[in-house]
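Trainee: below are the sequence and a predicted model; questions follow.
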Amino acid sequence: MKWLRISTALTGIAACSLLLAQVAPHARDAGAILAAQDDPHLLSELRLDALLRQNDQLVQDNIEAALASGDADLADSFVALARDRNIALPDDLLSRVSDAVKAENSTSHFAKRFATGLVTGNADDVASLSGTVAGDLFVIGDVRDVVREGKHLAMGEETDRLVLGLATAGLAVTAATYISVGGAAPVRAGLTLVKDARKVGRLGEGLAAWAGRSAREIVDTPMLRNAVAKGSVFRPGETVSAIKAAFRAEKAGALVRLGKDVTRVAERTGTRGAMDTLRIAEGPKDVARAARLAEAQGSKTRAIMKLLGRGALLLVGGVFDLAMWLFGAVLTLFGLLSSIKATTERLTQAWCDRKRARRLHRARIAAEAALADAALKA
């Protein structure tokens with residue numbers, strides 16, 4: 001029975017050791033991810049490590065897909081990621097990416113996209129954004145948007161209040177840009193990007209809902225209705241003055257911070273990177289995290305967000321699974337330590353029992369010898 005108890009304890013050590021060897025790597029990764037949840041740079045690195053271990057062709061496949069869709073900027077971002085991760089890529093693929101980037105950055109292409117952004121007010125790359133920002137800086141774009149959406153509002157028609165609020169805020173920021181000789185230009189560019197993302201349907205639902213609430217707070221609707229009713233694109237000076245009067249600057253702090261963060265992303269990743277961020281963001285905190293990620297990862301940011309989505313910015317789901325890996329490792333370690341303790345105690349008890357038995361055996365032999373001697377003397 002004694003040796004059965006020892007064997008059971010030894011079996012427990014072996015089983016817990018084997019299980020811990022299986023659980024420990026997952027628990028280590030889970031612990032690292034949980035510890036990095038407030039650091040987008042470290043979090044994205046850890047998740048990329050895990051993802052690329054599963055598929056070493058992932059980067060090359062995404063480059064091919066980006067080239068097929070005509071997104072040379074994204075393909076170039078994946079090349080930067082491959083270079084950083086020491087992932088070998090075929091020479092012909094690198095040449096195709098280089099040619100695509102050159103074509104996209106050509107003078108003729110830039111001029112065409114600039115004109116498109118200036119005229120339509122929609123941006124999806126650096127050139128068209130330059131045109132859009134130029135239009136907004138000269139108040140053409142914002143006046144156009146405010147007059148259009150404001151008239152919808154005045155007539156009781158369906159109104160995009162977010163575009164209306166962003167355009168109204170943009171007019172006020174544009175005035176500040178001129179006064180500060182460009183000091184507010186980053187905010188201006190960021191607000192333009194948010195407005196354009198909304199127009200082309202690339203603004204995440206959560207962020208759109210938040211921005212919509214913020215936009216409502218900064219606009220005095222009755223005053224704006226009156227300004228729009230009397231305003232015109234052909235009288236920009238008079239119209240801008242009337243619209244600015246409907247702008248509540250004290251309520252615009254959150255939108256201004258959003259504009260700054262969007263610009264920080266665009267400065268590091270380009271316009272499309274900023275658009276990608278606005279598409280996956282559920283709120284201003286996500287955009288702020290994306291700005292921190294972009295400052296750390298630079299040109300690789302688009303590729304990282306393409307692979308990880310919102311998971312590049314923060315823990316999205318799976319928190320329970322991560323916690324369970326840690327709990328499982330702790331439980332297994334406790335079982336191992338308990339088995340070691342039980343084995344040590346049972347071996348010690350067996351050793352003590354054996355030593356006591358030997359001592360009793362020697363005492364019995366000595367007693368028997370003494371009785372024998374006494375019998376002989378008698």
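Mentor: Thanks, I have the structure now.
Trainee: what about residue 346, neighbour count?
Mentor: 19 (other C-beta atoms under 10 Å). In this view, the C-beta of every residue, glycine as well, is placed from N, C-alpha and C.
Trainee: in contact with the residue lying closest to it once chain neighbours are set aside, which residues?
Mentor: Leaving aside its chain neighbours, residue 346 sits nearest to residue 6 (4.8 Å; criterion: C-beta to C-beta, 6 or more residues apart in numbering). Contact analysis of residue 6 by C-beta atoms under 8 Å, 6 or more residues apart in numbering lists 343, 346, 347, 350.
Trainee: try it again with 10 Å
Mentor: For residue 6, the contacting residues are 342, 343, 345, 346, 347, 349, 350, by C-beta atoms under 10 Å, 6 or more residues apart in numbering.
Trainee: out of these, list just those in helices.
Mentor: Per DSSP state H, helices hold the following members of these: 342, 343, 345, 346, 347, 349, 350.
Trainee: now a ChimeraX select for only the buried ones of the residues you listed.
Mentor: To isolate in ChimeraX the members of the ones in helices among the contacts of residue 6 that are buried, counting by 16 or more other C-beta atoms under 10 Å, one can use:
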select :342,343,346
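Trainee: need the ones in helices among the contacts of residue 6 in a markdown table (columns: pLDDT).
Mentor: Listed next are these as a markdown table, based on pLDDT from 0 to 100:
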| residue | pLDDT |
| --- | --- |
| 342 | 80 |
| 343 | 80 |
| 345 | 79 |
| 346 | 79 |
| 347 | 78 |
| 349 | 80 |
| 350 | 78 |
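Trainee: got a markdown table for the ones in helices among the contacts of residue 6, with distance to residue 43 too?
Mentor: As requested, the ones in helices among the contacts of residue 6 are exported to a markdown table (distance: C-beta to C-beta, whole Å):
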| residue | distance to residue 43 |
| --- | --- |
| 342 | 40 |
| 343 | 41 |
| 345 | 44 |
| 346 | 46 |
| 347 | 46 |
| 349 | 50 |
| 350 | 51 |
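Trainee: give me the neighbour count for residue 196.
Mentor: Residue 196 has 29 neighbouring residues, counting by other C-beta under 10 Å.
Trainee: what of the one 4 residues further on?
Mentor: Here the count is done by other C-beta under 10 Å, and residue 200 has 12 residues near it.
Trainee: residue 275 is in contact with that one, correct?
Mentor: Yes. Residue 200 is within contact range of residue 275, at 8.1 Å (criterion: C-beta atoms under 10 Å).
Trainee: poorly predicted segments of the stretch 151-300 of the chain, please.
Mentor: Within the stretch 151-300 of the chain, the ranges that satisfy pLDDT under 70 run 151-156, 159, 171-188, 219, 221, 224-225, 227-247, 249-250.
Trainee: pLDDT score for residue 48?
Mentor: We have a pLDDT of 87 for residue 48.
Trainee: repeat for the one 3 residues further on
Mentor: The model reports residue 51 with a pLDDT of 86.
Trainee: for it, which non-adjacent residue is closest in space?
Mentor: Per C-beta to C-beta, 6+ apart, closest to residue 51 is residue 307, 6.1 Å.
Trainee: surely that neighbour is in contact with residue 48?
Mentor: Yes. Contact criterion C-beta under 10 Å: residue 307 and residue 48 qualify, at 6.9 Å.
Trainee: where do the contact lists of those two overlap?
Mentor: Residues touching both residue 307 and residue 48 (C-beta under 10 Å, 6+ apart): 58, 81.
Trainee: count the residues that sit near the closest residue to residue 170 other than its chain neighbours.
Mentor: Residue nearest to residue 170 in three dimensions, not counting chain neighbours: residue 142, with 4.4 Å by C-beta to C-beta, 6+ apart. Using other C-beta under 10 Å, residue 142 has 30 neighbouring residues.
Trainee: repeat for residue 351
Mentor: A count of neighbours around residue 351, defined by other C-beta under 10 Å, yields 10.
Trainee: on contacts alone, who are the packing partners of the helix or strand residue 289 falls within?
Mentor: Assigned by DSSP states H and E, residue 289 belongs to helix 284-297. Applying 3 or more C-beta pairs under 10 Å, 6 or more residues apart in numbering; DSSP states H and E, we find helix 284-297 packed against helix 40-54, helix 72-84, helix 205-218, helix 253-269, helix 271-280, helix 301-308.
Trainee: check what pLDDT residue 301 gets.
Mentor: With respect to pLDDT, residue 301 scores 92.
Trainee: now do the contacts for it.
Mentor: Contacts of residue 301 (C-beta under 10 Å, 6+ apart): 40, 44, 77, 80-81, 265, 268-270, 273-274, 276-277, 290-291, 293-295, 312.
Trainee: end-to-end on stretch 28-44?
Mentor: 16 Å (C-alpha to C-alpha, to the nearest Å).
Trainee: mean confidence score for it?
Mentor: The model assigns stretch 28-44 a mean pLDDT of 72.
Trainee: does residue 157 count as helix, strand or coil?
Mentor: Using DSSP: H, G, I helix; E, B strand; the rest coil, the structure places residue 157 in coil.
Trainee: from the structure, what's the count of residues near it?
Mentor: Around residue 157 there are 9 residues (other C-beta under 10 Å).
Trainee: please apply the same query to the one 10 residues further on.
Mentor: The burial count assigned to residue 167 is 29, neighbours taken as other C-beta under 10 Å.
Trainee: secondary structure element for it, which one?
Mentor: Using DSSP H and E, residue 167 falls in helix 161-179.
Trainee: now the angle from the very next helix or strand once past that helix to helix 271-280?
Mentor: Per DSSP H and E, the first helix or strand lying C-terminal to helix 161-179 is helix 185-199. Relative orientation of helix 185-199 versus helix 271-280 (axes from the mean of the first three to the mean of the last three C-alpha atoms, to 10 degrees): 60 degrees.
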